[in-house]
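# Structure, please.
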Amino acid sequence: MFDVNTIPVGERSRITDTLLKWGIRIDPVDGRIDYIPDFAVPGVKAASIHLIRHAETVAVARHEFMSDTSDNCVFTDAGTEITRRQAEELDAYGFDIALYGPIARVVNTQAIIMSRPQRFPAVKVEKLHGIDNTGWEYKSYFDLEHDPVFLAREVEMNMFARTPRGTSWGTVIANCADTLEYINEKLTGKRILLISQGSVLRGMQILLRTRKHPWDDYTASGMYHVGDDSAKKKNYGIISRVL
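Modelled structure (predicted):
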């Protein structure tokens, strides 16, 4: 069984307290989350929020995990082209600003998007940071499907489970909450484009309760593109509505 005591006490407390502010309860034994019924979820003051996931990488094409810095994070030619085409269609959304995350594949996606002159500026936000799989880079789902940490994080959905140098789902969702608070403080009424990772999209959806249950339609194998996933890969470099 995964030992949550390996997660620093301060980080566990931050995750627990932050999610509670958004009406999400964490079970202290198994680390799973659920919504608190009839909770008044904090409002988000943006006019709209959309997210573009980073461009398809070599890791995605090979069905491998990637960390923040692994070599398999470089883009495929198809990934670059899809993102470039999406960049040409953003005028219709009337964005006021883009916020992008700090890791290389997100920064590089931002560079593709902004290489076409856009009508909005782009600002880096450190907290716009999804899952880091350091320690699992270059491995496949089948390499990890019996690993206790993988099972805890991706099957049992323990908010505190992480690789020794990676991050947990709890950290990602707490970071998403901090990003929404930043938006409320600095970007009231703005139409916002986020450029980030798929885990950030899920984190935002969880906080904003766009699903009946936080993990509806999520599977460990589906997330990491096992088998014939040509349809699933289409959301790389493609815009999705968040709010």
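# In the protein, what residue spans correspond to strands?
Using DSSP state E, the strands of the chain run over 24-26, 33-35, 48-53, 97-100, 122-124, 191-196, 239-241.
# Contacts made by the fifth one with the rest, please.
For strand 122-124, the surrounding residues in contact (CB atoms under 8 Å, 6 or more residues apart in numbering) are 97-102, 107, 110, 113-114, 195. Where C-beta positions appear, they are placed from N, C-alpha and C, glycine not excepted.
# For Gly79, state which of the residues you listed is nearest.
Ile113 (12.8 Å; CB to CB).
# So that closest one sits against Ile238, correct?
No: using CB atoms under 8 Å, Ile113 makes no contact with Ile238, being 11.7 Å away.
# Of the two, give the one with the bigger neighbour count.
Ile113 (24 against 16; other CB atoms under 10 Å).
# Tell me how far that one lies from Phe120.
10 Å (CB to CB, to the nearest Å).
# Also Ala161?
37 Å.
# likewise Arg165?
For Arg165, the distance to Phe120 - CB to CB - is 35 Å.
# Which residue of these two possesses the greater neighbour count?
Phe120 (18 against 11).
# Quick one, grab the pLDDT at that one.
According to the prediction, Phe120 has pLDDT 97.
# Hmm, it is touching Tyr93, no?
No: the criterion here is CB under 8 Å, and Phe120 misses it with Tyr93 at 9.3 Å.
# Now do the shared contacts for those two.
In contact with both Phe120 and Tyr93: Leu193, using CB under 8 Å, 6+ apart.
# send the alpha carbons of the lowest-mean-pLDDT helix or strand in the chain over as CSV?
In the chain, the helix or strand scored least confidently by mean pLDDT, DSSP states H and E is helix 220-223, which has a mean of 76. C-alpha atoms of helix 220-223 as CSV (Å, rounded to 0.1, in the frame of the first residue of the first chain):
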residue,chain,number,x,y,z
ALA,A,220,-5.0,5.1,-16.2
SER,A,221,-4.6,3.4,-19.6
GLY,A,222,-6.6,6.0,-21.4
MET,A,223,-4.6,8.8,-19.9
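# The strands of the chain: which one's closest to Gly79?
Of all those, it is strand 48-53 that lies closest to Gly79, at 10.3 Å by CB to CB.
# Now the closest one: average pLDDT?
pLDDT averaged over strand 48-53 gives 98.
# strands paired with that strand, and their directions?
strand 191-196 (parallel), strand 239-241 (antiparallel) (DSSP bridges).
# Determine which stretch of those is the most buried.
Most buried of the strands paired with strand 48-53, by mean neighbour count (mean count of other CB atoms under 10 Å): strand 191-196, with a mean of 25.
# Name the single longest helix found in this protein.
Ranked by number of residues, the top helix in the chain under DSSP state H is helix 169-186.
# How far away from the center of its chain is that helix?
11 Å (CA atoms, centre = their mean, to the nearest Å).
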